[in-house]
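Asker: Sequence first, then the predicted structure:
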Amino acid sequence: MYPKIIKSKERKVVGFLTKITKDEYFKIPQLWQKFMPRKKEINNINPKEFIAVQQFPKETTIENIVDYIIWACVEVSHFKDIPEGMSSFVIPAGEYAVFLQKGMDASKTYQSIMTEWLPTSGYTIDNRPHFQIMGEMYKNGSSDSEEDFYIPIKPIV
């Protein structure tokens, strides 16, 4: 498990969000089912990418996750004319470890990142959103699907 360490630019996103607990993963597909038919209403998007964002409260660790906010969204060039009922958000610029996720077992990959890679990496989680970019290689429900996991990091001091 070897990520690319990158400096990501700020990203403006528009879509739907909801709060979930660790036992409410069923809300994730529901959020995407709500978003997908309305994506065409959003102006100035990258039509080949979708972004899933997770906003965790400060001081959250893999062991103490209670609730957090998830987004089904797309990146936009500006926040003009946001469709009714949708929200906007800025993913801050910063350093990220980017992991290629193959297949559909995202929770297993995320668990491995947090329990195997992170403790020996020289980094700690930074208090910024985590997100995934699902581009042209993403195939929902397919074992040969690919997406990129962006984990916000900062060097351990």
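Answerer: Noted; the coordinates are in hand.
Asker: would residue 37 count as being in a helix?
Answerer: Yes. Per DSSP: H, G, I helix; E, B strand; the rest coil, residue 37 lies within a helix segment.
Asker: Distance check, it against residue 25.
Answerer: Going from residue 37 to residue 25 by CB to CB, to the nearest Å gives 22 Å. Heads up, the C-betas are built off the backbone N, CA and C, glycines and all.
Asker: Which one of those two is surrounded by more residues?
Answerer: Taking residue 37 and residue 25 together and counting by other CB atoms under 10 Å, residue 25 has the greater number of neighbours (11 against 8).
Asker: helix/strand/coil for the more buried one?
Answerer: Counting by three-state DSSP, the backbone at residue 25 sits in coil.
Asker: ok, and the closest non-adjacent residue to residue 85?
Answerer: With CB to CB, 6 or more residues apart in numbering as the measure, residue 16 is the residue that lies nearest to residue 85, at 7.6 Å, once sequence neighbours are left out.
Asker: do the same with residue 148
Answerer: On the basis of CB to CB, 6+ apart, the spatially nearest residue to residue 148 that is not a chain neighbour turns out to be residue 133, at 4.8 Å.
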